[in-house]
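Peer 1: sequence unknown, structure follows:
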């Protein structure tokens, strides 16, 4: 009777401690919380940046520059941002609302070339390529697009928050 009572007491205390670990920073599922929306300030006109002038030099820079030409434009609004922990890093998934239907080749583009955090903030832009012909505007459900990007643990070192920007707003999730 004493042994079963002792086992029952230890089991109940252990089970009760699970609730504390669930809410703590030790649990990897809690590393990034819910995302919040932030207003975005007007930035420099992208037309003033010349994409034909190389910014990197090196043995493979020419091949990389030829493969990296991307003509996407930022999405109108970012509606959702989630960060899911996976082995070796995390998957950043952003959902955006385009200004019109038909946007394709959607991707999360790093704000800087190195994909390094600035002041603990890892920043991306949700971008997509608009079709050449005019398309219908349509309802919000027909203009919603989701893109994801895997980042490594090395990239996440020193990151306190992840920010995905659009034209009108940005979504931020914090550790």
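Peer 2: Structure received. Note that the structure is a prediction, hence the values are computed from the model and not measured. Numbers count the residues shown, from 1 in each chain.
Peer 1: can we go C-alpha only for contacts and neighbour counts from here?
Peer 2: OK.
Peer 1: what separation is there between residue 119 and residue 113?
Peer 2: In this view, residue 119 and residue 113 are 16 Å apart by C-alpha to C-alpha, to the nearest Å.
Peer 1: need phi/psi at residue 7.
Peer 2: Dihedral pair for residue 7: phi -60, psi -40, per degrees, to the nearest 10.
Peer 1: what about residue 90, distance to residue 148?
Peer 2: Counting by C-alpha to C-alpha - residue 90 and residue 148 are separated by 10 Å.
Peer 1: er, residue 125 actually
Peer 2: 11 Å.
Peer 1: which neighbours do the two share?
Peer 2: Counting by C-alpha atoms under 8 Å, 6 or more residues apart in numbering, the shared contacts of residue 125 and residue 148 are residue 108.
Peer 1: continuing past the worst-scoring helix or strand of the chain on mean pLDDT, what's the next helix or strand?
Peer 2: Lowest on mean pLDDT, DSSP states H and E among the helices and strands of the chain sits helix 61-67, with a mean of 57. Downstream of helix 61-67, the first helix or strand assigned by DSSP states H and E is strand 73-74.
Peer 1: contacts for that next one next, please.
Peer 2: Under the contact criterion C-alpha under 8 Å, 6+ apart, strand 73-74 has outside partners 125, 126, 127, 128, 129, 130, 165, 166, 167.
Peer 1: the same query, at a cut-off of 10 Å, please.
Peer 2: 46, 96, 98, 103, 106-109, 125-130, 165-168 (C-alpha atoms under 10 Å, 6 or more residues apart in numbering).
Peer 1: which among those residues end up buried?
Peer 2: 96, 98, 103, 106-109, 125-130, 165-167 (16 or more other C-alpha atoms under 10 Å).
Peer 1: just checking, residue 103 touches residue 146?
Peer 2: No: using C-alpha atoms under 10 Å, residue 103 is not in contact with residue 146; the gap is 11.2 Å.
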